[in-house]
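Asks: Can you look at this prediction? I've put the sequence above it.
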Amino acid sequence: MGGNEMPRFAGPGTLFRLPAQDSADGLDIAIMGVPLDIGTSNRPGARFGPRGIRAESVLVRPYGMATGAAPFDSFQIADIGDVALNTFNLADSIGIIEAHYDRIVTAGAKTLSMGGDHTVTLPILRALARVHGPMGLVHVDAHADINDEMFGERITHGTIFRRAIEEGLIDPKRMTQIGLRATGYSAEDFDWSRQQGVRVVTAEDCWYQSLSPLMTEVRDRIGDQPVYLSFDIDGLDPSVAPGTGTPEPAGLSSSQGLEIIRGVFGCNLIGADLVEVAPQYDPSGNTALLAANLLFEMLCSFPGCKRR
Ligand code: MN
Ligand code: MN
């Protein structure tokens, strides 16, 4: 049923009111939620991200007016539900998530994921790297997420990209981190990334300007190799995205967020995620609504998406 026939506030509870199915069979792009938040270091609540984003996504319509993109005319897409993780055990959940994505990648689908805290990205990357080898990465975040450990734990939402680089899932020479800022545990917190060859673009580097020129450089850096997009909503400013667990002041604008995602179009994007939305800290619903729009833009940036 078309978007102008069923009222926007009614209809299926899936993302964008898409068809639901249990597996990724027959899909070009599988959408799913990963409602895990036991890897967070501060406020919990990202387990409610997928449900909150699906609820607000009813306002997203099928065509991008600026880009002319028509993802639903271009790809077979469905919402395949949530990963049935074990909310009492982080290590067990990491294995469950990885096995889940193994099945999706084996079915031949690309993945669009809703977190959950940022820990979920590590098992996703492990599954995708088995097929694609070391990938490029566009990482939007207030934080570098490259701690060696937190409270002695090697896998948390603040350690995942150190693990991903150590494990060879990501090629640091084709990785860019955008939006990093605020306070650290030491003044050298972002240096480990730089030492691996990652391009680090701080929030201050982004203030007051279009990010389109930056994205031209990012695309050149990635080339035609497979690339993954991981978007932590706290990369954006808390004035537009307060519903998150570790907000930091003076972040990216929502339009800069769109420029980053749109700037990935033209690359060999093989998967993307939007993480760290904790809807209960934003009673307006705007964080989840923005997240839904960012996920729509990600669909529009998969290779082969038709443009008007
Ligand atoms: Mn993060
Ligand atoms: Mn973050």
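Replies: It's in. Ligands and ions are numbered 1, 2, ... in the order given.
Asks: Please make it C-alpha for all contacts and neighbour counts, starting now.
Replies: Noted.
Asks: what residues does the stretch 51-200 of the chain put near ligand 2?
Replies: For the stretch 51-200 of the chain, the residues in contact with ligand 2 (Cα under 5 Å from the ion) are Asp141, Ala142, His143.
Asks: can you count the residues close to the nearest residue to Leu169 once chain neighbours are set aside?
Replies: What sits nearest to Leu169 in space, not counting adjacent residues and going by Cα to Cα, 6 or more residues apart in numbering, is Pro134, at 4.6 Å. Counted with other Cα atoms under 10 Å, the neighbours of Pro134 add up to 23.
Asks: what packs against the longest strand along the chain?
Replies: Across the chain, the longest stretch assigned as strand under DSSP state E is strand 170-180. Packing partners of strand 170-180 (3 or more Cα pairs under 8 Å, 6 or more residues apart in numbering; DSSP states H and E): strand 135-140, helix 160-166, helix 191-196, strand 199-202, helix 203-206, helix 212-222.
Asks: Between these, which one is closest to Arg308.
Replies: Arg308 lies closest, by Cα to Cα, to one member of the helices and strands packed on strand 170-180: helix 212-222, at 20.5 Å.
Asks: now for the closest one, which elements pack on it?
Replies: With contacts defined as 3+ Cα pairs under 8 Å, 6+ apart, helix 212-222 has these neighbours: strand 170-180, helix 254-263.
Asks: low-confidence ranges in this structure?
Replies: 1-3 (pLDDT under 70).
Asks: ok so, going back, could you identify which of the helices and strands packed on helix 212-222 is most buried?
Replies: Highest mean neighbour count among the helices and strands packed on helix 212-222 (mean count of other Cα atoms under 10 Å): strand 170-180, with a mean of 24.
Asks: How many residues are close by the residue of the stretch 201-308 of the chain found nearest ligand 2?
Replies: Of all residues in the stretch 201-308 of the chain, Asp234 sits closest to ligand 2, at 5.0 Å by Cα to the ion. For Asp234, the neighbour count with other Cα under 10 Å is 28.
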